[in-house]
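A.B. asks: show me how the following folds:
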Amino acid sequence: MQKRAEIKVYGRVQKAGFRDFIDEIAFNLNLNGYVKNLDDGTVQVVCEGEEAAISELLQKINVTQYPIRVENIEVTCKEPTGEYGTFELIRDEDLTTATYERMDVAARYIREMNSNLCQKMDSIGGKIDGLGGKMDSLGGKMD
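C.D. replies: Numbers count the residues shown, from 1 in each chain. Next up, the predicted model:
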């Protein structure tokens, strides 16, 4: 069943890459609408789509993951209007502010890549240690 959700998110949610995070989730869930910063420091999300997809969006955006800290989410559900054809991230019109926000997003992606790389290096290190043990065992058999 199609629904419309008007969402207001409180916490440390601006200048943290949060809108890009929401935009990616909304894209993956096939939701239409928009996300934007409000002057009071909150983030507004208006989305339309399947009720299950909106519920999943609400679960996924309720995060505490540096630098984002969601403290509260207010949701008002309404009947969908069909006015949105896609999901849009509305950026600040001030170019300097928008540029700094994009840098925050870039920093988030670099942190994620670094974390993934560290996990892969740990995995490779374990495999190399195992290979070294096998080589030692093989060397003992050749003697």
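
A.B. asks: which SS class is the residue positioned nearest the centre of the chain?
C.D. replies: Residue closest to the average C-alpha location in the chain (C-alpha atoms, centre = their mean): Phe21, at 3.2 Å. The three-state label given to Phe21 by DSSP: H, G, I helix; E, B strand; the rest coil is helix.

A.B. asks: please apply the same query to Ile7.
C.D. replies: strand.

A.B. asks: pull the residues that contact the helix or strand hosting Gln59.
C.D. replies: Per DSSP states H and E: Gln59 is located in helix 51-61. Applying C-beta atoms under 8 Å, 6 or more residues apart in numbering, the contact partners of helix 51-61 are 1-3, 5, 7, 9, 18, 21-22, 25-26, 29-31, 45, 47, 70, 73, 75. Any C-beta I mention is one placed from the backbone N, CA and C, and that applies to glycine too.

A.B. asks: what about 7 Å?
C.D. replies: Residues outside helix 51-61 that contact it (C-beta atoms under 7 Å, 6 or more residues apart in numbering): 1, 3, 5, 9, 22, 25-26, 29-31, 47, 70, 73, 75.
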